[in-house]
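Novice: coordinates for the following, if possible.
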Amino acid sequence: MFIDTHCHISKEEEKDLSFFMQENKKNKVDKIIASFCEKESMKDAFLLSSQEDIYLSFGYHPSEAGEIQEEDLKLLEKNLTLNKVVALGEIGLDYHYGKENKLDQQDLFEKQLQIAEKMHLPVIIHSRDATYDTINLLKKYKVRGVIHCFSGSVETALEYIRMGYFLGIGGVITFKNSNLPRVIEQIPLSAIVLETDSPYLSPEPYRGRTNSSKNIPIIAQKIAEIKNVSLEEVENQTTQNAFQIFDF
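Specialist: This is a model prediction of the structure:
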């Protein structure tokens with residue numbers, strides 16, 4: 001059994017969730033965590049909660065910084081108590097397009113880390129061009145979880161692992177220009193969970209097309225090749241890792 005620990009379910013997939021999950025299960029992807037990280041998208045999440053083996057995460061993405069009010073944070077706390085919610089996320093910092101609103105991002109990030117700490121929920125962390133600030137803010141709170149779509153250095157990977165975080169590895173590992181294979185060589189399989197971030201970041205040979213949770217085995221196979229282990233070992237260990245973090 002594989003688990004996609006981070007995806008975004010498309011409108012097309014929402015139209016026939018049963019078919020979507022059947023396709024996943026054909027590829028041994030038995031559970032997924034669907035992320036809802038914008039205020040408007042959260043309204044759609046409740047359509048999924050009755051579907052077997054679809055779990056939810058809620059949080060405000062850094063792109064929402066400056067827009068989130070106190071009532072929105074209260075709504076987030078309420079949503080986090082709902083059945084099948086297993087994480088707070090994705091939340092974090094994104095300086096890729098500039099740091100003009102970094103204080104707003106940091107404020108929103110900290111407020112959500114406080115909620116996660118209070119509610120004893122794992123977090124799913126988005127960090128783009130903001131490693132130093134992300135690590136320093138995470139160290140202030142007693143939280144654990146996943147560094148989503150990890151693409152940093154070996155040194156950064158090892159620091160997150162020392163802090164008790166798992167690294168979310170997706171389709172980027174299959175890209176020809178990716179630095180991730182070198183990182184994967186030097187970190188333990190016990191620190192890795194699988195994710196697609198679908199409908200984005202499709203693995204090779206489907207790069208440029210719409211991604212889907214059913215592509216998780218392609219990511220797992222690439223990890224198996226890099227670490228010179230069997231696909232079954234990657235499957236078993238990453239699934240065990242996901243169960244360590246999330247309350248399915």
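Novice: residue ranges with poor pLDDT in this structure?
Specialist: For the chain, applying pLDDT under 70 flags no range at all.
Novice: helices or strands up against the host helix or strand of A157?
Specialist: Mapping A157 onto the secondary structure by DSSP states H and E places it in helix 154-162. With contacts defined as 3 or more CB pairs under 8 Å, 6 or more residues apart in numbering; DSSP states H and E, the packing partners of helix 154-162 are helix 131-138, strand 166-169, helix 180-185. All C-beta atoms are positioned from the backbone trio N, CA, C, and that covers glycine.
Novice: parallel or antiparallel, list what pairs with the second one.
Specialist: Each strand paired with strand 166-169, and its direction, by DSSP bridges: strand 145-147 (parallel), strand 192-194 (parallel).
Novice: could you verify that I33 is part of a strand?
Specialist: Yes - when classified by DSSP: H, G, I helix; E, B strand; the rest coil, I33 is found to be part of a strand.
Novice: next up, the contacts around it.
Specialist: Taking CB atoms under 8 Å, 6 or more residues apart in numbering as the contact definition, I33 lies against 3-7, 55-57, 86-87, 124, 246.
Novice: go with 10 Å
Specialist: Applying CB atoms under 10 Å, 6 or more residues apart in numbering to I33 gives the contacts 3-7, 54-57, 84-87, 89, 124, 146, 193, 195, 213, 242, 245-246, 248.
Novice: can you tell me which of the strands paired with strand 166-169 comes nearest to K26?
Specialist: In this view, those are compared for proximity to K26 by CB to CB, and strand 192-194 is the closest at 16.7 Å.
Novice: so which helix or strand takes in the residue lying closest to I184 once chain neighbours are set aside?
Specialist: Residue nearest to I184 in three dimensions, not counting chain neighbours: I226, with 4.8 Å by CB to CB, 6 or more residues apart in numbering. According to DSSP H and E, I226 maps onto helix 216-227.
Novice: tell me what the following helix or strand past that helix is packed against?
Specialist: Beyond helix 216-227 in the direction of the C-terminus, DSSP H and E gives the next helix or strand as helix 231-245. Packing contacts for helix 231-245, counted by 3 or more CB pairs under 10 Å, 6 or more residues apart in numbering; DSSP states H and E, involve strand 2-7, strand 29-36, strand 85-94, strand 145-147, strand 166-169, strand 192-194, helix 216-227.
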